[in-house]
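J.: Just to be clear, the model below is a prediction. Sequence and coordinates:
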Amino acid sequence: MNIAAPRRQERTAHPIAHGGLAAATVLVALTWAPALCEAQTLDNDYWISAQGYYPSVDTNVRVSSKTAETIGTDIDFEKDLDLDKRDVLPAVSAGARFGHVLVGFDFFKLKRSGSIALQRDITFDDTVYPASAQLDSSFDSDIYRLTVGYAFVQQDNLELGAAIGLHATRFNLALSGEVNVGEGSVQAEQRRKDFLAPIPTVGLFGTYRIAPRLEASARIDYLSLKIDQYDGRLINAQAGVNYSILKNLSLGVAYRYVDYRVGIDKDAWSGRVRYKLNGPAVVLQASF
């Protein structure tokens, strides 16, 4: 393979690919097996895709009050608060290629709520919800991803490159239930936290044409660092294959893995969110 001066040749017009990668080694293996895709195509310079994403979700949260000097409970939102472990999420992706430069954008959101009689005391911020209390909860997240990459290998059937980007998640979580306030008296209390956690990333990506109508792509983004009030670590990997069913339309499957850990240190409170999503997706992509 001569990659010293890759030359773009005439394109044939079969789209493709959405997903990313479950491990960096998949990029090396692109020429041997269909990895999966991150919504880019070798044949066209612009693409947009819609996904039905069905992940398994694991959410752990701890919020401690600095003013009341309380230590928050490590809360498993699926086990302790009965939030759904799986849900169907809509997701959209779009991208463009400008020579060797590729720009991509992703968005998906998760909205869940639950209600349960607590099995143990739970401390959230400055409030203690006692065992046996009925507790309503919600956990919403909007996830945005923007990347700019450079393809250092660019051929008719193969594209490999590296990217920098920003992975930002807006978290909105709330607990509401009765708490003890004195001898035999209770009152309803709600506590809510809403914050945006931005994490810059570096990553690798690749797309490989397996057959005239079939392409595979892979991507992984990673970073661990402290920025201002946030101390975060992120692994975002995708992988998938797409098949061109029409000239500018393709259908595919993908697998996405997101492991998000964020520490927050505000003036009045501190917290930690561990958030993991992984599962399959069905992808419909248009490119031109």
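T.: Okay, I see it. The shown structure was predicted, so the numbers you read here are calculated from the model rather than taken from an experiment.
J.: Please identify the buried residues of stretch 212-229?
T.: 214, 215, 216, 217, 218, 219, 220, 221, 222, 223 (16 or more other Cβ atoms under 10 Å). Placement of C-beta: from N, CA and C, glycine included.
J.: Flag the least confident of those residues.
T.: Among the buried residues of stretch 212-229, residue 223 carries the lowest pLDDT, at 88.
J.: Which strand residues bridge the residue nearest in space to the middle of the chain?
T.: What sits nearest the mean C-alpha location of the chain, by Cα atoms, centre = their mean, is residue 258, with 4.7 Å. Judged by DSSP bridges, the bridge partners of residue 258 are residue 236, residue 277.
J.: where are the low-confidence patches of this protein?
T.: 1-41, 181-185 (pLDDT under 70).
J.: Strands of that one, residue ranges please.
T.: Applying DSSP state E to the chain gives strands spanning 46-53, 56-65, 75-76, 89-98, 101-117, 122-124, 127-129, 134-154, 158-182, 185-211, 214-227, 230-246, 249-265, 269-287.
J.: strand partners of the fifth one, parallel vs antiparallel please.
T.: Going back to what we said before, that points to strand 101-117. Applying DSSP bridges, one finds strand 101-117 paired with strand 89-98 (antiparallel), strand 134-154 (antiparallel).
J.: orientation of it relative to strand 46-53 in degrees?
T.: Put simply, strand 101-117 runs at 20 degrees to strand 46-53, going by axes from the mean of the first three to the mean of the last three Cα atoms, to 10 degrees.
J.: buried sites along strand 101-117?
T.: Within strand 101-117, the residues that count as buried by 16+ other Cβ under 10 Å are 102, 104, 105, 106, 108, 110, 112, 114, 116.
J.: wait, which of the strands paired with strand 101-117 is closest to residue 241?
T.: With distances scored as Cβ to Cβ, the stretch of those nearest to residue 241 is strand 89-98 (15.3 Å).
J.: My understanding was that residue 115 contacts residue 135; is that so?
T.: Yes. Taking Cβ atoms under 8 Å as the definition, residue 115 is a contact partner of residue 135 at 7.1 Å.
J.: Out of the buried residues of stretch 212-229, which is nearest to residue 254?
T.: Closest approach to residue 254 among the buried residues of stretch 212-229 (Cβ to Cβ): residue 217, at 9.0 Å.
J.: Beta-bridge partners for that closest one, please?
T.: Judged by DSSP bridges, the bridge partners of residue 217 are residue 207, residue 240.
J.: and what of residue 265?
T.: Following DSSP bridges, residue 265 is listed with bridge partners residue 270.
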